[in-house]
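**Q** coords below, sequence missing:
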Ligand code: MTE
């Protein structure tokens with residue numbers, strides 16, 4: 001994965017959320033009014049639109065939020081380019097509506113389900129989570145989503161389901177990055193069943209109270225706050241219940257560098273850099289990285305008896 005220093009960030013990326021939103025809403029309103037006047041189009045729910053009925057979850061860290069434009073303009077999404085600002089620049093290529101997810105493998109109710117049905121009946125929650133990338137930068141992000149466990153329960157996993165495997169959309173038209181052999185496409189990720197069912201694990205559909213922008217993984221992406229960011233697979237089209245540990249993209253690409261578990265762990269360095277400290281986007285000074293990204297109290301017990309140097 002490539003590293004760009006926060007000192008390379010444009011000043012626009014550190015605007016306060018309040019200021020940015022004010023400016024952005026004005027532009028959105030003007031653009032929407034212009035389009036409606038020109039084409040008589042009704043408004044459609046899309047990136048940037050406010051999500052209704054979002055409840056504030058008690059799962060929130062009390063730390064300053066990373067500004068909206070840093071969260072949405074400093075991204076990793078190799079299908080849309082390997083530079084940090086490529087995903088935002090190429091975002092319009094992805095068409096997140098309509099969207100269907102295939103539910104497969106060891107469950108009582110496999111099948112294909114539309115995005116709305118997938119999350120139907122579940123409350124949308126705002127969770128403020130630390131987001132720690134394996135490249136040693138971090139953010140604090142107000143995701144909006146639903147607990148993954150509640151989604152999975154709808155499809156009644158069988159007892160043989162020990163892991164959950166996730167796959168991103170494969171479509172080089174929408175994702176030009178898939179024409180390059182940077183990774184084995186489509187992007188794949190996985191969790192052990194107990195990790196997938198843990199209440200901290202969510203499927204995010206929004207950020208900052210609004211529909212998820214394409215560059216952040218619209219229309220739905222995984223967020224597992226105690227793991228490195230690469231576990232947070234974007235634009236998911238397949239969720240499969242499986243018996244054995246699934247192969248995952250970064251682990252396939254460089255197994256010595258990116259493990260299956262990828263728990264944030266300052267005691268286990270990446271072979272090419274230290275994981276002891278991290279740069280919070282917008283800060284000048286580095287800070288200590290916390291074990292399990294600070295969520296140890298909630299999740300350390302999932303790994304009791306495991307050697308986390310081996311299972312990194
Ligand atoms: N998902 C897909 N499909 N493709 C990717 O390249 N990058 C991962 C993860 N999910 C990636 C992906 C990495 S390395 C990180 S750090 C996070 O997305 C970044 O999420 P963000 O850009 O929303 O902060």
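**A** Yes, it's here. Owing to the predicted nature of the structure, the values given are computational and were not obtained by experimental measurement.

**Q** who touches the closest residue to the ligand within the stretch 151-300 of the chain in this structure?
**A** Per Cβ to the nearest ligand atom, residue 229 is where the stretch 151-300 of the chain lies closest to the ligand, at 2.7 Å. From N, CA and C alone the C-beta is placed, and that goes for glycine too. With contact taken as Cβ atoms under 8 Å, 6 or more residues apart in numbering, residue 229 is in contact with 76, 131-134.

**Q** residues from the stretch 101-250 of the chain in reach of the ligand?
**A** Within reach of the ligand by Cβ under 6 Å from any ligand atom, the stretch 101-250 of the chain has these residues: 131, 133, 168, 187, 216-217, 229-230, 232-235.

**Q** still on that earlier bit, which phi and psi does the residue of the stretch 151-300 of the chain closest to the ligand have?
**A** phi -60, psi -30 (degrees, to the nearest 10).

**Q** same deal with residue 231?
**A** For residue 231, the backbone dihedrals are phi -70, psi -20 (criterion: degrees, to the nearest 10).

**Q** quick check, pLDDT for it.
**A** Residue 231 is assigned 98 on the pLDDT scale.

**Q** show me what contacts it?
**A** Applying Cβ under 8 Å, 6+ apart to residue 231 gives the contacts 189, 191, 222, 224, 262.

**Q** now these in CSV, with neighbour count?
**A** Output for the contacts of residue 231, formatted as CSV (neighbours: other Cβ atoms under 10 Å):
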residue, neighbour count
189, 27
191, 25
222, 24
224, 25
262, 20
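
**Q** farthest-apart pair in those, please.
**A** 222 and 262 (12.0 Å; Cβ to Cβ).

**Q** still on that earlier bit, just among the residues of the stretch 101-250 of the chain next to the ligand, which is most surrounded?
**A** residue 234 (28 neighbours; other Cβ atoms under 10 Å).

**Q** isn't that one right up against residue 188?
**A** No. Look at residue 234 against residue 188 with Cβ atoms under 8 Å: they stay out of range, at 11.7 Å.

**Q** overlap in contacts of those two?
**A** What both residue 234 and residue 188 touch, as defined by Cβ under 8 Å, 6+ apart, is the set residue 168.

**Q** do you know how far residue 110 is from the ligand?
**A** 22 Å (Cβ to the nearest ligand atom, to the nearest Å).

**Q** my read is that that residue contacts residue 104, right?
**A** Yes. Using Cβ under 8 Å, residue 110 makes contact with residue 104 at a distance of 5.3 Å.

**Q** measure stretch 72-82 end to end?
**A** Terminal residues of stretch 72-82 are spaced 15 Å apart (Cα to Cα, to the nearest Å).

**Q** that stretch and the ligand, any residue contact?
**A** Yes. Judged by Cβ under 6 Å from any ligand atom, stretch 72-82 and the ligand are in contact via 75-79.

**Q** closest one to residue 295 out of these, please.
**A** Lowest distance from residue 295 to the residues of stretch 72-82 next to the ligand (Cβ to Cβ) belongs to residue 76, with 20.8 Å.

**Q** may I have the phi/psi pair for residue 292?
**A** The phi/psi pair for residue 292 (degrees, to the nearest 10) is phi 50, psi 30.

**Q** quick check: it touching residue 301?
**A** No. Contact criterion Cβ under 8 Å: residue 292 and residue 301 do not qualify, at 10.6 Å.

**Q** looking at those two, which one has more neighbours?
**A** For residue 292 versus residue 301, the count of surrounding residues by other Cβ under 10 Å is larger for residue 292: 22 against 10.

**Q** look up how far residue 50 lies from that one.
**A** As judged by Cβ to Cβ, to the nearest Å, residue 292 and residue 50 stand 32 Å apart.

**Q** kind regards, and thank you for your time.
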